[in-house]
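[1] The amino acid sequence is not available; the structure is as follows:
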């Protein structure tokens, strides 16, 4: 019987400071044991427990993409005991990784459809995984138009800047990057919160167009009416929820939102599904 | 990451049944001698009186379970799901090759038998199994302990006024979850062997004097069921809208006196929620599984400080909605309660699940102007 509590041993291979306030770092892990990477096969939208012996575990969305191999990466906000410890760890340190956990964005269902991605702040991680997945040459023909609205507080708080610049130059993805405010005279992208930029730039909703929305609660709150106005039905709005978790596979009981568990039945739900829960998240 | 092993349907509670129901009679001397013999092959657990209350404990060689009790203060769920259990171990000593690599702790999953478990607690074990033994993921700590255990049940002839098992999917002679059901006939015990595991235990104990007295079980069952004086109605729970129940007007009233002490969840044989914590002594660390409770604010609080169940009412509602609605909807296996009455007897402010169940079961959404959410 496989022990779902037992993490795969991994080594920190690289650490990138992502944000100007140093609150966000991307950790690239490699598996210590042959074969573990294959067992960790995941899909964009899933998460894993980063497991630090002596400190505990933290559930984090997977930022690397299934089309990338040789490593798995996570962008982590320094917030509590485990993430603060992780931020102080260094390349070469050994820890654990448990997963992949939860469901994923409904890729099979999204094939042949237009995809609008709306992201804010450091919730952009699994969205990055998704974009890299869709832009992979083998996958890009499977999807229609791809639009991305991504906002952060300031230019220095945007994640994955090199990739953003690359995607901005491509003609098979429409990037709408925005910041809340900036005093940079050379800033050539949008200025404004995510909801109004979505209203101006995002395509109209319809049967063949789905929105994947991931961001802080305040962004989600004001983006929902915008998407409704643009014609997105609730079963065409896909969201990823967060709750306090421990096991990550549906047994420890704390992440329930009614009869659904965020870790096992989610974290990805359509707004239509979320409307049927007591929304205890 | 889970193995896709075949799993039982949620409704198939029955273990391997023996072909024909086997009854054996065990005089009380043979009972003691049989348990002593069986202890060579099984670790034995049973109710033992400690100070004022009975508790399930490992029995010393020759020690007999005290069956002169109605039920233990805490349920025997801890024998499969300890209040605190080591799962993984590791070393933080960087001079060691395997430092920071987590490993399973050594475990003893040799055969054991619980002697004198009540039918309600045995049924509760099967409800907990729905959580720990799922099609996708299996908890090896719980499941290995479960598979190693033989459940020797004691029929319940003296139920308490707080017992309501007969309307909670169970009963004083209920057999689900048991490998052997024993009834006390005064001079002797009459035992019904229900599974291969039960037969193996009877063989190990040398209990083989056959009996044809099936009528005694039927009579005992009828009499015992007649002594159950309290009940719940659950017939409307499945059909009542989940969000309407969640928004029902009675939750503040139900929760008013609650102290969020967690006694209900810790004494409940079906409550399974747990926490995972690391403990380090020097350079040696273990990762533990500890009982947790939906009554505690920290159970759900986010690192940001946001708490989806921030108020007492939200937490009390979660406990009752989980047991009497979410579980009902999710598993189609009745309520997540076996009517043992522990939470009713031990709640310091007399919150009574029977009353809450009545409020929920009789709730008519159209009577209110409840606003969703």
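    Now that the structure is in, tell me what you want to look at. Just so it is clear, the model here is predicted, and its values are computed rather than measured.
[2] Run a quick neighbour tally on residue B:230.
    18 (other C-beta atoms under 10 Å in any protein chain shown). Heads up, the C-betas are built off the backbone N, CA and C, glycines and all.
[3] For it, which three-state class applies?
    Recorded secondary structure, residue B:230: coil (DSSP: H, G, I helix; E, B strand; the rest coil).
[4] who in the stretch 201-350 of chain B is up against chain A?
    Residues of the stretch 201-350 of chain B lying close to chain A (C-beta under 8 Å from any C-beta of the partner chain) are B:242-243, B:246, B:272-278, B:280, B:285, B:287, B:289, B:292, B:294, B:299-304, B:308-309, B:314, B:318, B:321-322, B:325-327, B:329-330.
[5] Buried among those residues? Make that a ChimeraX selection.
    Of those, the buried ones go into a single ChimeraX selection, burial set by 16 or more other C-beta atoms under 10 Å in any protein chain shown:
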select /B:242,243,246,272,273,274,275,276,278,285,287,289,292,294,299,300,301,308,309,314,318,321,322,325,326,327,330
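[6] Quick check: phi and psi at the closest residue to chain A within the stretch 151-300 of chain B.
    Taking C-beta to the nearest C-beta, chain A has its nearest neighbour within the stretch 151-300 of chain B at residue B:273, 3.4 Å off. Main-chain dihedrals, residue B:273, degrees, to the nearest 10: phi -70, psi 140.
[7] Same question for residue B:298.
    With angles defined as degrees, to the nearest 10, residue B:298 sits at phi -70, psi -10.
[8] What's the biggest strand in chain A, counting residues?
    The residue-count maximum for a strand in chain A (DSSP state E) belongs to strand A:8-17.
[9] which ones are touching the residue of the stretch 151-300 of chain B closest to chain A?
    If you count contacts by C-beta atoms under 8 Å, 6 or more residues apart in numbering or on different chains, residue B:273 has them with A:252-254, B:265, B:291-294, B:299.
[10] Domain parsing of the chain, as residue ranges.
    Since no chain was named, I'll use chain A. For chain A, the structural domains run A:8-101, A:107-240, going by automatic domain parsing.
[11] hm, I was asking about chain B
    B:17-76+B:107-226, B:242-273+B:293-365.
[12] pLDDT averaged over the first one - what is it?
    Model confidence over domain B:17-76+B:107-226, given as mean pLDDT, is 94.
[13] how far does that domain sit from the chain's center?
    Here domain B:17-76+B:107-226 shows a centroid-to-chain-centroid distance of 13 Å under the convention C-alpha atoms, centre = their mean, to the nearest Å.
[14] can you check the shortest one too?
    For domain B:242-273+B:293-365, the distance from its own C-alpha centre to the chain's C-alpha centre is 17 Å (C-alpha atoms, centre = their mean).
[15] closest point of chain A to chain B, which residue?
    For chain A, C-beta to the nearest C-beta, closest residue to chain B: residue A:253, 3.4 Å.
[16] In three-state terms, label that residue for me.
    Assignment for residue A:253 (three-state DSSP): coil.
[17] do residue B:189 as well
    Assignment for residue B:189 (three-state DSSP): strand.
[18] I'd like to know how many residues surround it.
    Neighbours of residue B:189 under the rule other C-beta under 10 Å: 21.
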